[in-house]
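> fold the stuff below for me.
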Amino acid sequence: MFWSYPLAVLALGVGVFLVSLSGTRLVLHFLTERAIVDHPNARSSHAIPTPRGGGLAVVVVIAVVWSIVAMRWTAEGYGMVVACAAGVGLAALSWLDDLRGLPPWVRLLAQAAAIATVLVLAPAPHPYFGGVLPPVADVVVTAILWLWFTNLFNFMDGIDGLAGTETATIGIGVALCAGFAGVVGSLSVCGFTAAAAALGFLWWNWHPARVFLGDVGSVPLGFLLGWLLLTMASEGLWAAAFILPLYYLADATITLGRRAAKGEPVWRAHRDHFYQRAVQAGRSHASVAGLIAVTNVALIALAWASTRGWEWPAVIAACVVVGGLLVVLSRDAPLAARG
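Purely as a prediction, here's the structure:
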């Protein structure tokens, strides 16, 4: 679809960017007037009170656009509409969490219910793991991975510009890989429009951030991007689906694994992630997010290579690239990156 109607898709992307840009500005005004802000604390990476909840505009824009794409342009639209509806439901619950706080078990149960709803009502036409696992195990493992990805996306939203950068690069990667591979046409459009919406939000979230995503943004974004990646995997692009979010997967999994091994509550806020330690060592938010963005560009290239028949070499190279990034983030910041 992307390559069949390039001008139409580009125009759609520009429109999504502008709506996200202006919508986030309106949400920022709303949040500021009602003093819905994150106050700095011992675990935060910001220094002044900053409005949170800017993800309201991004999630609504993505859900509306994806639903329109599903209804007008694709035969596979039902599954996309179900995923969008579940994502909006998670956004509503996460908004309540931003306002008053909810117990971790309530959030986890709601996320599991949303995932189960999509997997039951709109299962993928092909196994997510290419038939390697028995059918029931294929669905169960998929649900667990999806639940983990939804949460890790929330965990990784800890410095200015990072979540928006990750959303944009994953979206661009999905658009390119799905488009060149010729799989479900709507995936490329969904990836492209998700990237456009994220870039509109980044205008307000780049360091120094004027607004944060909040749980209302990070939780449904993780859920919807997880749906995109899993759908790619079910279409045979398993390596690309693994490579594109690999930095997030590695940082969150290693960090939370370490905390669990030390007996620390993994659901509590902390500053142990590699990107957070880099900021504590003196790197600016912009330099850390920029370094991750450059790495993600390399991951996009490797994901594309995996669609050309180089799955395992691309996966191995991606692991090396992300491992190198984690080493760099673990070191003290150079003077040029401080400030």
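> so residue 328 sits right up against residue 291, yeah?
Yes. The pair residue 328 and residue 291 passes the contact test of C-beta atoms under 8 Å, sitting 7.0 Å apart. Bear in mind the C-beta positions are built from the backbone N, C-alpha and C, glycine included.
> what's residue 33 in contact with, if anything?
Counting by C-beta atoms under 8 Å, 6 or more residues apart in numbering, residue 33 makes contact with nothing.
> number of nearby residues for residue 313?
13 (other C-beta atoms under 10 Å).
> secondary structure element for it?
helix 311-330 (DSSP states H and E).
> can you pull the buried residues of that helix?
311, 314-315, 317-318, 321-322, 325-326, 329 (16 or more other C-beta atoms under 10 Å).
> distance from the chain centre to it, please.
Offset of helix 311-330 from its chain centre (C-alpha atoms, centre = their mean, to the nearest Å): 19 Å.
> ok, now stretch 110-122?
So, by C-alpha atoms, centre = their mean, the centroid of stretch 110-122 is 18 Å from its chain's centroid.
> and for stretch 223-233?
10 Å.
> how about stretch 240-252?
That offset, for stretch 240-252, works out to 10 Å (C-alpha atoms, centre = their mean).
> and for that stretch, what's in contact with it?
Here stretch 240-252 makes contact (C-beta under 8 Å, 6+ apart) with 149, 152-153, 155-156, 166, 169-170, 173-174, 177, 181, 225, 229-230, 232-233, 273-275, 292, 295-296, 299-300, 302-304, 306-307, 314-315, 318-319, 322-323, 325-326.
> the buried residues of helix 311-330 into TSV, with extra columns for pLDDT and distance to residue 143?
Converted to TSV, the buried residues of helix 311-330 look like this (pLDDT from 0 to 100; distance: C-beta to C-beta, whole Å):
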residue	pLDDT	distance to residue 143
311	96	24
314	98	26
315	98	23
317	98	29
318	98	24
321	98	29
322	98	25
325	97	29
326	96	28
329	94	31
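> so where's the stretch 1-150 of the chain shaky on pLDDT?
In the predicted model, the stretch 1-150 of the chain carries pLDDT under 70 at residues 1-5, 39-48, 73-76.
> do you have the helices of it handy? List them.
6-33, 55-73, 77-100, 104-121, 135-155 (DSSP state H, counting those that start in this stretch).
> point out the most buried one among those helices.
Of all these, helix 55-73 carries the top mean neighbour count, a mean of 22, counting by mean count of other C-beta atoms under 10 Å.
> quick one: it to helix 77-100, angle?
For helix 55-73 and helix 77-100, the angle between their directions (axes from the mean of the first three to the mean of the last three C-alpha atoms, to 10 degrees) works out to 170 degrees.
> packing partners for helix 55-73?
Packing partners of helix 55-73 (3 or more C-beta pairs under 8 Å, 6 or more residues apart in numbering; DSSP states H and E): helix 6-33, helix 77-100, helix 185-205, helix 215-234.
> now these in JSON lines, with distance to residue 120?
Shown next, in JSON lines, are the helices and strands packed on helix 55-73 (distance: least, C-beta to C-beta, whole Å):
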{"stretch": "helix 6-33", "distance to residue 120": "30"}
{"stretch": "helix 77-100", "distance to residue 120": "9"}
{"stretch": "helix 185-205", "distance to residue 120": "21"}
{"stretch": "helix 215-234", "distance to residue 120": "14"}
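> about what we covered before: and the buried residues of helix 311-330, which is closest to residue 110?
residue 322 (30.3 Å; C-beta to C-beta).
> next up, the contacts around that closest one.
Counting by C-beta under 8 Å, 6+ apart, the residues that residue 322 touches are 246-247, 250, 295, 299.
> what's the answer for residue 104, then?
By C-beta under 8 Å, 6+ apart, the contact list for residue 104 reads residue 267.
> returning to that earlier point: narrow the contacts of residue 322 to those in helices?
246-247, 250, 295, 299 (DSSP state H).
> so which of these would you say is closest to residue 12?
Nearest to residue 12 among the ones in helices among the contacts of residue 322, with distances taken as C-beta to C-beta, is residue 299, at 24.9 Å.
> any idea how far that closest one is from residue 178?
Per C-beta to C-beta, to the nearest Å, residue 299 is found 15 Å from residue 178.
> returning to that earlier point: JSON lines for the helices of the stretch 1-150 of the chain, including distance to residue 204?
Below are those laid out as JSON lines (distance: least, C-beta to C-beta, whole Å):
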{"stretch": "helix 6-33", "distance to residue 204": "5"}
{"stretch": "helix 55-73", "distance to residue 204": "9"}
{"stretch": "helix 77-100", "distance to residue 204": "17"}
{"stretch": "helix 104-121", "distance to residue 204": "25"}
{"stretch": "helix 135-155", "distance to residue 204": "19"}
